[in-house]
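1. Turn this into a model:
(one chain, ligands or ions: 1)
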Amino acid sequence: MKRILSCMQPTSHLHLGNYLGALKNFVALQDEGAECLYGVVDLHAITVPYQRDGLANATREIAAAYIAAGIDPKKSILFAQSAIPAHSQLMWLLATMSQMGKLERMTQFKDKAGKNKERAGLGLFAYPVLMAADILIYKATHVPVGEDQKQHLELARELASTFNTRYETDFFPQPEPYISGPATRVMSLRDGTQKMSKSAESDLSRINFTDDADTIAKKIKKAKSDPDVLPETLDGLEDRAEAKNLVNLYAALAGITNEDVLKEFAGKGFGDFKPALVDVAVAHLAPITARMNELMADPAEIDAILQAGNEKARAMAGDVLSEVSEIMGFWKGS
Ligand code: AQP
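-> I've put the predicted structure just below:
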């Protein structure tokens with residue numbers, strides 16, 4: 001039986017990249033009938049500077065976004081990571097099997113630590129070990145993520161193997177990355193070589209779930225493009241990172257292929273293409289945003305959903321942690 005686990009950080013508002021790269025797949029996997037757990041990973045969110053006063057609400061907002069996008073809390077378990085202590089406990093155990101050299105080579109660490117990595121926090125450095133624990137604590141078999149998380153997932157697979165080899169067991173399954181769909185790497189609207197990201201400085205670089213139609217229109221209008229017309233074939237988008245990204249966004253939102261987009265818009269410039277992209281983005285996102293706003297108006301309801309999910313997740317994670325402790329030989333009394 002497939003067991004799906006994936007998570008998002010309450011670092012800020014979710015954006016189109018989070019949606020097209022990951023959340024859309026969360027919903028599809030749930031609707032296929034898989035056993036699904038979706039977390040809000042607030043312990044990850046505090047590995048970078050954050051607003052203490054906003055953290056709880058940001059956690060609710062991710063849960064609201066999940067539900068607004070189609071996650072049904074009756075079918076999938078929604079939980080908040082900090083409410084399940086077993087995540088951090090397993091992380092410590094896995095940390096004893098993790099090599100610092102590997103963690104140092106993680107792209108996300110290098111990007112977020114910047115030039116001054118000596119001063120980066122241990123939390124940021126150890127982030128991928130906590131992510132491995134998030135996955136392995138539920139013995140998840142499949143992890144739907146965007147392309148940027150591939151490297152972290154590889155580490156989770158290695159840690160599962162290291163544990164199994166060291167303790168001569170087949171306890172942890174190898175979690176399979178599920179990186180699929182038309183937009184596994186959505187790029188920034190300001191720079192087609194950078195991924196769209198919650199933490200990028202410019203809000204114009206991303207389309208947030210919380211943006212209204214006017215804001216979406218403004219951001220797409222200001223999105224970086226080029227003076228050329230759209231080509232007839234995909235080859236013509238090579239070396240045109242921004243154009244390629246906008247075509248890809250249109251295709252992913254409209255549910256068609258990039259080739260189909262070019263069939264429709266070949267020969268047209270961005271003056272024609274951008275308004276069409278605004279229409280498709282607004283049509284897709286407006287119902288999700290409206291539902292999210294409704295949910296956010298009733299925080300008690302979101303809290304109740306998370307609390308119910310936390311209880312189920314805590315029971316599952318607790319069982320796995322007990323078994324891990326036993327395999328590792330910890331004292332458990334008589
Ligand atoms: N640009 C993207 N394109 C496709 N998928 C993406 N994801 C993130 N950015 C893109 C996927 O969204 C899921 C949730 O990500 P996260 O909350 O763990 O944070 P992240 O991967 O670090 O993404 P952000 O938006 O850039 O957040 P910050 O700026 O806070 O680090 C993941 O499955 C991710 O692959």
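2. got the residues of the stretch 151-300 of the chain near the ligand?
-> Residues of the stretch 151-300 of the chain lying close to the ligand (CB under 6 Å from any ligand atom) are Thr184, Arg185, Val186, Lys195, Met196, Ser197, Lys198, Ser199. Heads up, the C-betas are built off the backbone N, CA and C, glycines and all.
3. what's the pLDDT at the fourth one?
-> If I follow you right, that is Lys195. Note for Lys195: predicted pLDDT of 94.
4. need the helices for the stretch 101-250 of the chain, in chain order.
-> Per DSSP state H, counting those that start in this stretch, the stretch 101-250 of the chain carries helices over the ranges 107-113, 122-136, 150-166, 213-222, 241-254.
5. Where in this structure is the helix or strand with the lowest mean pLDDT?
-> The least trusted helix or strand in the chain, going by mean pLDDT, DSSP states H and E, turns out to be helix 107-113, with a mean of 92.
6. about what we covered before: now restrict the residues of the stretch 151-300 of the chain next to the ligand to buried residues only.
-> Of all these considered here, the ones buried according to neighbour count by 16 or more other CB atoms under 10 Å are Thr184, Arg185, Val186, Lys195, Met196, Ser197, Lys198.
7. ok, for the second one, nearest residue in space, not its chain neighbours?
-> Distance criterion CB to CB, 6 or more residues apart in numbering; nearest residue to Arg185, sequence neighbours excluded, is Glu147 at 4.3 Å.
8. Next, the contact list for the spatially closest residue to Arg190 that is not a sequence neighbour, please.
-> What sits nearest to Arg190 in space, not counting adjacent residues and going by CB to CB, 6+ apart, is Ser205, at 4.3 Å. Ser205 makes contact with Ser188, Leu189, Arg190, Asp191, Gln194, Met196, Ser197 under the criterion CB atoms under 8 Å, 6 or more residues apart in numbering.
9. Distance to Asp226 for those residues - can I get that in TSV?
-> Rendered in TSV, the data for those read as follows (distance: CB to CB, whole Å):
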residue	distance to Asp226
Ser188	15
Leu189	13
Arg190	14
Asp191	13
Gln194	16
Met196	18
Ser197	22
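10. Lys332: which of the residues you listed is nearest?
-> Lys332 lies nearest to Ser197 out of the contacts of Ser205, by CB to CB, at 43.4 Å.
11. Tell me who's in contact with that closest one.
-> Ser197 neighbours (CB under 8 Å, 6+ apart): His15, Gly17, Ser188, Ser205, Arg206.
12. Near the residue nearest to Arg185, how many other residues are there?
-> By the measure other CB atoms under 10 Å, the count of residues near Glu147 is 14.
13. Quick one, grab the pLDDT at it.
-> What the model reports as pLDDT for Glu147 is 94.
14. Wait, it touches Gly21, no?
-> Yes - with contacts defined as CB atoms under 8 Å, Glu147 counts as touching Gly21 at a distance of 7.1 Å.
15. can you list the residues that contact stretch 188-195?
-> Contacting residues not belonging to stretch 188-195 are listed as 17, 146, 148, 185-187, 196-197, 200, 202, 204-207, 219-220, 222-224, 240-245 [CB under 8 Å, 6+ apart].
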